[in-house]
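Novice: when you get a sec, could you give me coordinates for this:
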Amino acid sequence: MNKIKQLVITFVVAFLVVIGIGGTAHAARTDMLDVSDYNNNGQALTTQQYINLRNNYGIKAVNVKISEGQTWNASTAKANISNASQAGLYTNGYHFARYNSVVTAQAEARHAVQQAQVDGLGIGSVIVTDAESSAQSSVSKATNDQANQAFAQVVQQAGYRCDIYTMGSWVNTKMTVSDGTGWIAYYPYHVTTDRYTGNHAWQFSSTMTFTGLSGRYDVSQLYDNYYTANTDKNAVISNSQTTHVAINNKHTTTHKQAVSGTFRDGPYIIHRQTGVFTAGQTLRVFAYPGVQSTGAKYYKGESVIYDGYVRNGNYIYVSYLIKGGYHHYVAVRHNGVALGTFK
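Specialist: So this is what the prediction gives:
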């Protein structure tokens, strides 16, 4: 899934005034952080780093990637869980789902539970099914619902609680996410209003940067105490002491910037470039450039921070990272004509 104190809040408000949004813009809180092997140069965060996140940014809970599919295990999960717990943070785990049936969901849930136990995730913690892969996009809503329920049953039988993480455009379209449940990802360019307030949490940015940490991180705002063991989340650190991010630090990447080199995604060579694209129309999201639609969409006015581009046929696509460390793609030009605007 930028994302100290009064000085930062003052700076953000001042910046918004400069760019014309005004000083009354809403700002989401950095209540919860999620981490995986892709963060911090592949190293677990230390206890002191978690303490700094708690004290300087108001992080209250951490979701640690523990597993994926039926066999993959996170190498940093055990240390991240231990270090975050020692820092006084509530710890939970998430599993990147590859299932698309009841049988495969049950198998993945057993793997997730086993790995959570190995990694020291306490009974009663939340194990989230991170359901956003091409496997779920290829089946019906009813099939996804049955598979998610099967995953949750195995997790709950092992003494853990369960939740669903997915993208906003999939909520109640590709799978059911009932009110009072769910951790929803949706990244507006400007955080001007609370989103998904009827759910447990809203992941509002995947590009949060923290002093003393390498790279970018997913951050979320909590609406209840589900991810803090049903204990008042303000007992860790109060909301008033939590960093409020009005623009997700995206002003650091508002201009296109060429980055040397390329990277490979399957058979495709992606040219590195960073920037912000805002859709001028409804655009589909693909697992590869123009191939294998995920079912997600970017609607007119929604923005994506991209890290590369590639031409495929008459289209140019930009790439961006999703929570599991994989790339998704959206078309930005067709026959040379821009399908939105760039910054």
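Novice: let me see the contact set for residue 134.
Specialist: 287, 292, 294 (C-beta atoms under 8 Å, 6 or more residues apart in numbering). Glycine gets a C-beta too; all of them are placed from N, C-alpha and C.
Novice: got it, and residue 228?
Specialist: Contacts of residue 228 (C-beta under 8 Å, 6+ apart): 60, 61, 90, 222, 235, 236.
Novice: I figured the first one was touching residue 32, is that so?
Specialist: Yes - at 6.5 Å, residue 60 and residue 32 qualify as touching, with contact defined as C-beta atoms under 8 Å.
Novice: overlap of the contact sets of the two?
Specialist: Joint contacts of residue 60 and residue 32 (C-beta under 8 Å, 6+ apart) are residue 222.
Novice: domains in the chain, by residue range?
Specialist: Each domain of the chain is listed here as a residue range: 5-251, 254-342, per automatic domain parsing.
Novice: before we move on, back to that, can you redo the contacts of residue 134 as JSON lines with secondary structure and pLDDT?
Specialist: As requested, the contacts of residue 134 are exported to JSON lines (DSSP: H, G, I helix; E, B strand; the rest coil; pLDDT from 0 to 100):
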{"residue": "287", "secondary structure": "strand", "pLDDT": "86"}
{"residue": "292", "secondary structure": "strand", "pLDDT": "83"}
{"residue": "294", "secondary structure": "strand", "pLDDT": "80"}
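Novice: sorry, back to before: ranking the domains of the chain by burial, who's on top?
Specialist: For the domains of the chain, ranked by mean neighbour count under the definition mean count of other C-beta atoms under 10 Å, the leader is domain 5-251 at a mean of 20.
Novice: how far off centre is it?
Specialist: Its chain's C-alpha centre and that of domain 5-251 lie 6 Å apart, by C-alpha atoms, centre = their mean, to the nearest Å.
Novice: ok, now stretch 267-285?
Specialist: Distance, stretch centre to chain centre, for stretch 267-285: 18 Å (C-alpha atoms, centre = their mean).
Novice: skipping its backbone neighbours, what lies nearest residue 184 in space?
Specialist: Using C-beta to C-beta, 6 or more residues apart in numbering and skipping the chain neighbours, the partner closest in space to residue 184 is residue 196 (4.3 Å).
Novice: first-to-last residue distance for stretch 30-37?
Specialist: 21 Å (C-alpha to C-alpha, to the nearest Å).
Novice: that one - what's its average pLDDT?
Specialist: Here stretch 30-37 scores 96 as its mean pLDDT.
Novice: before we move on, what about stretch 299-315?
Specialist: 88.
Novice: could I get the CA-only coordinates of that stretch as PDB?
Specialist: C-alpha atoms of stretch 299-315 as PDB (Å, rounded to 0.1, in the frame of the first residue of the first chain):
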ATOM      1  CA  TYR A 299     -11.500   7.900 -14.200                       C
ATOM      2  CA  LYS A 300     -11.300  11.400 -15.500                       C
ATOM      3  CA  GLY A 301      -9.400  13.600 -13.000                       C
ATOM      4  CA  GLU A 302      -7.700  10.800 -11.200                       C
ATOM      5  CA  SER A 303      -3.900  10.800 -11.200                       C
ATOM      6  CA  VAL A 304      -1.100   8.200 -11.000                       C
ATOM      7  CA  ILE A 305       2.500   8.600 -10.200                       C
ATOM      8  CA  TYR A 306       4.400   6.600 -12.700                       C
ATOM      9  CA  ASP A 307       8.000   5.200 -12.800                       C
ATOM     10  CA  GLY A 308       8.400   4.300 -16.400                       C
ATOM     11  CA  TYR A 309       6.900   4.100 -19.900                       C
ATOM     12  CA  VAL A 310       6.700   1.700 -22.800                       C
ATOM     13  CA  ARG A 311       5.200   1.700 -26.300                       C
ATOM     14  CA  ASN A 312       3.000  -1.200 -27.400                       C
ATOM     15  CA  GLY A 313       1.300  -0.900 -30.800                       C
ATOM     16  CA  ASN A 314      -0.300   2.500 -31.200                       C
ATOM     17  CA  TYR A 315      -0.300   3.200 -27.500                       C
END
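Novice: list the contacts of the helix or strand where residue 304 lies.
Specialist: Per DSSP states H and E: residue 304 is located in strand 303-312. Strand 303-312 has contacts (C-beta under 8 Å, 6+ apart) with 187-189, 206-207, 250, 253, 259, 262-263, 268-279, 289-291, 298, 316-321, 327, 329-330, 332.
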